[in-house]
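Undergrad: Just need the structure, nothing else, for what follows:
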Amino acid sequence: ISKGPGNTKVAKSTAVPPGPPVYLDLVYIPNHSNSKNVDVEFFKRVRSSYYVVSGNDSAAEEPSRAVLDSLLEGKAQWESNMQVTLIPTHDSEVMREWYQDTHEKQQDLNIMVLASSSTVVMQDESFPACKIEL
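TA: Down below sits the predicted model:
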């Protein structure tokens with residue numbers, strides 16, 4: 001909150017302001033999918049074929065269930081029913097519960113959650129990976 005003219009308090013918002021949608025191929029959901037920075041307006045405006053969901057810290061509420069629910073609510077307001085693929089970077093309890101609780105709505109909205117079943121081995125390390133074709 002900041003003081004405006006005449007000592008009137010003006011609230012500052014971190015939400016995405018209303019406006020025309022932006023279409024992208026791939027979007028990384030900011031700040032480890034924390035609900036302090038991403039809301040329904042984000043998903044109404046930032047429309048993508050793929051969203052990368054990061055976060056593996058349940059104590060910090062990352063990824064946030066509110067952000068995942070915002071995706072559903074925002075996508076429901078799109079004019080088209082284009083397919084959206086959600087790509088989690090970690091297996092988390094929040095993601096698993098959200099997936100199970102909202103699976104029917106995900107199908108209705110043409111949202112697919114990509115589970116990584118591939119492993120990449122580089123030098124002495126191996127890690128899960130997925131292939132995205134744009």
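Undergrad: what comes up buried for the top helix by length along the chain?
TA: Secondary structure of the chain per DSSP state H: the longest helix is helix 93-108. Using 16 or more other CB atoms under 10 Å as the test for burial, helix 93-108 gives 94-95, 98, 102, 106. Backbone N, C-alpha and C define where each C-beta goes, glycine included.
Undergrad: closest to residue 123 among these?
TA: residue 95 (28.8 Å; CB to CB).
Undergrad: what's around the closest residue in space to that closest one that isn't next to it in sequence, how many residues?
TA: In space, and not counting its chain neighbours, residue 95 is closest to residue 88: 5.1 Å by CB to CB, 6 or more residues apart in numbering. By the measure other CB atoms under 10 Å, the count of residues near residue 88 is 25.
Undergrad: Specify the beta-bridge partners of residue 88.
TA: With DSSP bridges as the criterion, residue 88 is bridged to residue 53.
Undergrad: Quick check: residue 20 is in a helix.
TA: No: counting by DSSP: H, G, I helix; E, B strand; the rest coil, residue 20 is not part of a helix but coil.
Undergrad: Distance-wise, check it relative to residue 84.
TA: Separation of residue 20 from residue 84 (CB to CB, to the nearest Å): 19 Å.
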